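1. no sequence for this one, just the structure:
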């Protein structure tokens, strides 16, 4: 559809934060009229100054003639949509979201709209809010879509074209696979990284604490980067993907136990072998 | 001493890998004659091509007229020095090392030489070996020295001047404080990061494994950077700093347990509060 409608109808974006604002900038560059819905008058003003969308309002009716609506809301709001928002979505439009977990989103939105397709464009910076949107955020980044048996295939093809037009790498998978994978590569890392920061911060020897702060270098900064990220997002990930996170956690513990045991038992050659394997593993996970 | 001798005597460097080679380059830039000792003829050739030292040999006698000798050896070799090396060190010279743990080094070297001072210049890249040395590696980086009651104060002052001449930030502390701090900010992070890689790599669902590899992004890459580092170094850190590492480990586990419990009990507001604290903590650890 995306290219068939001749761009005569606008694309709606609900929320103009990092993802929504970046989508607004890119879609306008591609020649689309973009209608942005935000929840505060101050956001309308700033989003207009930044040209994040063509028209911007706090009134959900701005979505009424859109061919496609992208729900770029924080997870909590996405999972508890207002009736004003739901009622303003055209039944003929394709609806998608950008949430970082998919099973709970599908559970809610699969019932709310016949042409809903779950999406997760995996792109980001450390910024958030109305100042965060930037051009080309999605270029060469994965855009995961999680259709199921009930999904409308024409709607899916629209989202496919949307992702391709933003130069994203299109991936389709199941909700479950998606949520398990992000628990492993994103959500659990936040918690193990935060636990390291907490360990460092709780040091009761003040000399040692001061020295540690002085010596902490790029290695510590890298390992703790995502544990020192956006608290609201960390909480939302945990709250919406609890089951998969706890599953990965129990596996992580076994692996931590194993490495600690090698150290306790002074099995240095085995430890070196393990570290050789993890070195190779990292290459296979970060070659993209 | 360093500036008093008028640079009439050379500085010796044992090992011309990342740290030794970088020291050789910088010290020559400062006008010093540098005598490098390496253990293989192929290393002599390549180190000469790279001008890592003024004179380079596999014969320990190259150290015989040095005013200062820097032992830039891997930990294992540093802790098990050959008698040829020990006998070649002038009794009048100041001796220091660059090892990343200090208590075991002092235990060995405190007895071997009357003017030994333990050092740990905290600088590095991912490279190692004869190709790794680079200029200005130590600039604005911490140079930790760990004198004790038996340390020769004139020798300590020489190392102080050495560090300042390389534009390092001079820190003195006890062996114990040093080893505890590096366990916390460097050694344990290697293991928790490696455990995450091991968790990811052991996934038995091949679809999920492939998807995880495709989705792994900067967050995963950062969290696992040091767990995918030099296996030999990781093993040497663990083998030489076991006691402090295990101590930090038990504290880390309590913190991990705490965060996991908040998730299991769905205490989302408490989790958010914790993540706000770790966000602030990270700032205090990485402001340098």
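-> Good, I have the coordinates. Worth saying up front: this structure is predicted, and the values here are computed from it rather than measured. Numbering: from 1, shown residues only, chains lettered A, B, ... in the order given.

2. any idea how far chain B is from residue A:241?
-> 10 Å (Cβ to the nearest Cβ, to the nearest Å). (Each C-beta comes from the backbone N, C-alpha and C, glycine too.)

3. no no, residue A:287
-> 8 Å.

4. pull out the buried positions in stretch A:109-118.
-> A:109, A:110, A:113, A:115, A:116, A:117, A:118 (16 or more other Cβ atoms under 10 Å in any protein chain shown).

5. oh sorry, the question was meant for stretch A:243-257
-> A:244, A:245, A:248, A:249, A:251, A:252, A:253, A:255, A:256.

6. give me the subset of the residues you listed lying in helices.
-> Counting by DSSP state H, the buried residues of stretch A:243-257 place A:244, A:245, A:248, A:249, A:251, A:252, A:253, A:255, A:256 in helices.

7. residues of the stretch 1-150 of chain A that sit close to chain B?
-> Applying Cβ under 8 Å from any Cβ of the partner chain, we find that the stretch 1-150 of chain A lies next to chain B at A:122, A:141, A:142, A:144.

8. find the closest residue to chain B in the stretch 101-250 of chain A.
-> Relative to chain B, the nearest point of the stretch 101-250 of chain A is residue A:228 (2.9 Å; Cβ to the nearest Cβ).

9. picking that back up, let me have the buried residues of stretch A:243-257 in a markdown table, extended by pLDDT and distance to chain B.
-> Listed next are the buried residues of stretch A:243-257 as a markdown table, based on pLDDT from 0 to 100; distance: Cβ to the nearest Cβ, whole Å:
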| residue | pLDDT | distance to chain B |
| --- | --- | --- |
| A:244 | 96 | 10 |
| A:245 | 97 | 6 |
| A:248 | 96 | 7 |
| A:249 | 96 | 6 |
| A:251 | 96 | 5 |
| A:252 | 97 | 5 |
| A:253 | 96 | 8 |
| A:255 | 97 | 4 |
| A:256 | 97 | 4 |
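
10. helix/strand/coil for the spatially most central residue of chain A?
-> Nearest to the geometric centre of chain A sits residue A:100, at 3.8 Å (Cα atoms, centre = their mean). Secondary structure, DSSP: H, G, I helix; E, B strand; the rest coil: residue A:100 is coil.

11. quick one: it and chain B, what's the gap?
-> Distance of residue A:100 to chain B, given as Cβ to the nearest Cβ: 11 Å.

12. now do residue A:48
-> Taking Cβ to the nearest Cβ, one finds residue A:48 at 31 Å from chain B.

13. hang on, that residue packs against residue A:54?
-> No: taking contacts as Cβ atoms under 8 Å, residue A:48 lies outside contact range of residue A:54: 9.8 Å.

14. please list all residues in contact with the residue nearest to the centre of chain A.
-> A:75, A:120, A:182, A:186, A:233, A:236, A:237 (Cβ atoms under 8 Å, 6 or more residues apart in numbering or on different chains).

15. now the third one: phi and psi?
-> Recorded main-chain torsions at residue A:182 are phi -70, psi -30, according to degrees, to the nearest 10.

16. quick check: phi and psi at the closest residue to it other than its chain neighbours.
-> Using Cβ to Cβ, 6 or more residues apart in numbering or on different chains and skipping residues adjacent in sequence, the residue nearest residue A:182 is residue A:100, 6.2 Å away. Per-residue torsions, residue A:100: phi -90, psi 0 (degrees, to the nearest 10).

17. repeat that for residue A:153.
-> Taking degrees, to the nearest 10, you get phi -70, psi -30 for the backbone angles of residue A:153.

18. per-residue pLDDT of it, please?
-> On pLDDT, residue A:153 comes in at 96.

19. buried set for stretch A:92-112?
-> A:93-106, A:109-110.
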